[in-house]
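> Just need the structure, nothing else, for what follows:
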Amino acid sequence: MVRRVSVSVLCLVFCLQVGFVGAGVAVTEAAWNASWISAGSGADPEDKASGKASVIVLKKAVYGVPGDPSKQVDLTERFKQQIAAKNYTVSGNNDIAGKDPAPRIHKKLVLEYTVDGKLIKKTLSEGARLNLKTGKSNTTSNKAKKNIWTCYRKVVKLKSTPKTAVARIAVDSKYWLWINGEMVVFEGQLKRGPTPDDTYYDSVDLTKHLKKGDNTIAVLVWYYGKHGFSHKSSGKSGLVFDAAIDGQKLLSSSEWKAMVHPSYGDTGAPHPNVRLPESNIRFDAQSDMPGWEKAGFDDSGWSSAEEFGKPPCAPWNKLVLRPIPLWKDFGLKEYVNASEMPKVSDGKKIKLRIPYNAQITPYLKIDAPAGQLIDIRMDNYKGGGPPNIRAEYVTRDGVQEYENLGWMNGHEMYYTIPAGIKILALKYRETGYNSEFTGTFECDDEFLNRYRKKAVRTLYITM
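Coordinates of the predicted model:
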């Protein structure tokens, strides 16, 4: 009879019981033909207003303590790539540098560059901005906005149903992909970090999702806009989409439409702890764009996307194929105690259980008046002490559905729904590493049986 086995031995056994699913379509490395794109302008209005055809050559850009190389970061190559993408506004701060080269010391950005052959030297205070093209500067921080959700659309016409269609896709920080209104990728993209400066990309097989005739490509991009222990922000939201469809190219460019989604925003305090690059998500359904990801949606009011150069280019730099599969999507499921869910909310917190510790996205379907605030969080919201991730949903009038796309972790989901709102459905979607558990373990010691189950779950959610 088995009585006790060391933790290390059991963990080794359980680790060997996980079988991995292959990483999908193999892609031969090739030059990128698509451009990085984003909504709005990445340059100051002066860049476009100035009709000058000036030639700007950057010679030096160093951020830190002047005269002390040990407390400096060289930004020359980064800004050169930025200039090549026609973004002439530069600034020096810790986010752009990727670190603080001199903690508790005020830093400066030292520049040397030429405009039409004329040498110019400038020294900017930390956070100040300078337009190299116009020479105008200000002291407004160039810190990028955070928690931005951007929608992209493109219609492509195919002469026949494709035999092969593979796309290479990269963003900072996460994306969701639809083709003809059908979800193709649920939460694509690994967090940045193959190196402190570079970005992963996904390889996605689109073949079975495309058809003869018009095909609508829709991508929702979530830009964290801040660093975390598991993510290094580039400082710029962006998408690059490079697909080959039976030899026909489908490339992200200024021909794509782009718009920042008006419903997504920040909650008030408390915010997630500093370990996490993600923000809380607030979704105001009163500003929603229903059906924006579907064919036939009128995007004539959207602006053309702005191009920022072909990879590799700053600030996303070199693109590296993700070394693990896309996440496994288990689909929407009922909570364990769904039968206890009220049909009409009484305003009290609704606690719904999942079978085990998991990473999930919560879903709701309700009938409500407009302007009601629903709070969504898990039992692990304060696991470890400081706050983790939570969500807020502001209702529109009538029957409505919403899935909070930022995943949460725990054993129970808590919905706080204002009294009187009709609850039509509350569900969850589990996502995780695309693997299968193999092997079994069973003995006459119930503690060890439970221990094995918990160890397997712990192994899975930490992948």
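
> which residues of the stretch 351-463 of the chain fall in helices?
446-461 (DSSP state H, counting those that start in this stretch).

> can I assume Ile37 is in contact with Lys236?
No - counting by CB atoms under 8 Å, Ile37 does not reach Lys236; the two are 11.1 Å apart. For the C-beta atoms, the positions are set from N, CA and C on the backbone; glycine is no exception.

> and for those two, which residues touch both?
The contact sets of Ile37 and Lys236 overlap at Phe308 (CB atoms under 8 Å, 6 or more residues apart in numbering).

> Which of the two has more residues huddled nearby?
Each of Ile37 and Lys236 has its neighbours counted (other CB atoms under 10 Å); Ile37 has more, 27 against 19.

> Who does the more buried one form a beta bridge with?
Beta-bridge partners recorded for Ile37 (DSSP bridges): Leu239, Glu307.

> ok, now Arg168?
Counting by DSSP bridges, Arg168 forms beta bridges with Ser203, Asp242.

> if I pick it, what's in contact with it?
27, 32, 201-204, 240-243, 319.

> Neighbours of Ser263, how many?
For Ser263, using other CB under 10 Å, the count is 18.

> returning to that earlier point: so which of the contacts of Arg168 comes closest to Tyr356?
Of all the contacts of Arg168, Tyr356 sits closest to Asp202, with 27.7 Å by CB to CB.

> That closest one reaches Val166, doesn't it?
No - counting by CB under 8 Å, Asp202 sits too far from Val166 to count as a contact (10.5 Å).

> okay, these two: which has more neighbours?
Comparing Asp202 with Val166 by other CB under 10 Å, the one with more neighbours is Asp202, at 23 against 19.

> Let me know the pLDDT of that one.
On pLDDT, Asp202 comes in at 98.

> Okay, it and Leu58: tell me how far apart.
For Asp202, the distance to Leu58 equals 32 Å [CB to CB, to the nearest Å].

> Same question for Asn357.
To Leu58, Asn357 is 51 Å away according to CB to CB.

> The two: who's more crowded?
A direct count of neighbours by other CB under 10 Å for Asn357 and Leu58 places Leu58 higher, at 21 against 15.

> Beta-bridge partners for that one, please?
Tyr113.

> is it true that it touches Ala84?
No - between Leu58 and Ala84 there is no contact under CB under 8 Å: 9.9 Å.

> Give the buried residues for stretch 453-461.
Neighbour counts over stretch 453-461 (16 or more other CB atoms under 10 Å) mark 455-457, 459-460 as buried.

> Kindly provide the whole-number mean pLDDT of it.
For stretch 453-461, the mean pLDDT works out to 88.

> can you give me the offset of that stretch from its chain's centre?
26 Å (CA atoms, centre = their mean, to the nearest Å).

> pull the CA atoms of it into CSV?
Only the C-alpha atoms of stretch 453-461 are listed here, as CSV (Å, rounded to 0.1, in the frame of the first residue of the first chain):
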residue,chain,number,x,y,z
LYS,A,453,-5.7,15.5,-9.2
LYS,A,454,-4.6,18.8,-7.6
ALA,A,455,-1.0,18.4,-8.9
VAL,A,456,-2.2,17.8,-12.4
ARG,A,457,-4.5,20.9,-12.3
THR,A,458,-1.7,23.0,-10.9
LEU,A,459,0.7,21.8,-13.6
TYR,A,460,-1.9,22.6,-16.3
ILE,A,461,-2.8,26.2,-15.1
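
> if we look at the sheet, which residues does the most centrally placed residue in the chain bridge to?
Centrality entry for the chain: nearest residue to the mean C-alpha point is Lys174, 2.2 Å, by CA atoms, centre = their mean. Beta-bridge partners for Lys174, by DSSP bridges, are Trp222.

> closest to Lys211 among the buried residues of stretch 453-461?
If you rank the buried residues of stretch 453-461 by distance to Lys211 using CB to CB, Tyr460 comes first, at 36.0 Å.

> Now do the contacts for the closest residue to that closest one other than its chain neighbours.
Take Tyr460 and drop its neighbours on the chain: the residue closest to it by CB to CB, 6 or more residues apart in numbering is Gly432, 6.0 Å away. Counting by CB under 8 Å, 6+ apart, Gly432 touches 327-328, 330, 358-359, 460-461, 463.

> Also Ile148?
222-223, 225, 237, 260, 264.

> Equivalent analysis for Asp379, please.
Counting by CB under 8 Å, 6+ apart, Asp379 touches 351, 410-412, 414.

> picking up where we left off before, neighbour-wise, give me the winner out of the contacts of Ile148.
Going by other CB under 10 Å, Ser237 tops the contacts of Ile148 with 28 neighbours.

> How about that residue: what's its closest non-neighbour residue?
Tyr223 (3.5 Å).

> Val73 versus that neighbour, what's the distance?
Tyr223 is 23 Å from Val73, by CB to CB.

> Gln372 now?
48 Å.

> do Lys99 as well
7 Å.

> neighbour-wise, which of these two wins?
Set Lys99 next to Val73 and count neighbours by other CB under 10 Å: Val73 wins out with 20 against 11.

> Just list whatever residues bridge to the more buried one.
Beta-bridge partners of Val73, as defined by DSSP bridges: Tyr63.

> wait, it sits on Tyr63?
Yes - look at Val73 against Tyr63 with CB under 8 Å: they come within range, at 4.9 Å.

> what is in contact with these two at once?
Joint contacts of Val73 and Tyr63 (CB under 8 Å, 6+ apart) are 97, 101.

> so is Ile83 in a helix, a strand, or just coil?
Assigned by DSSP: H, G, I helix; E, B strand; the rest coil, the conformation of Ile83 is helix.
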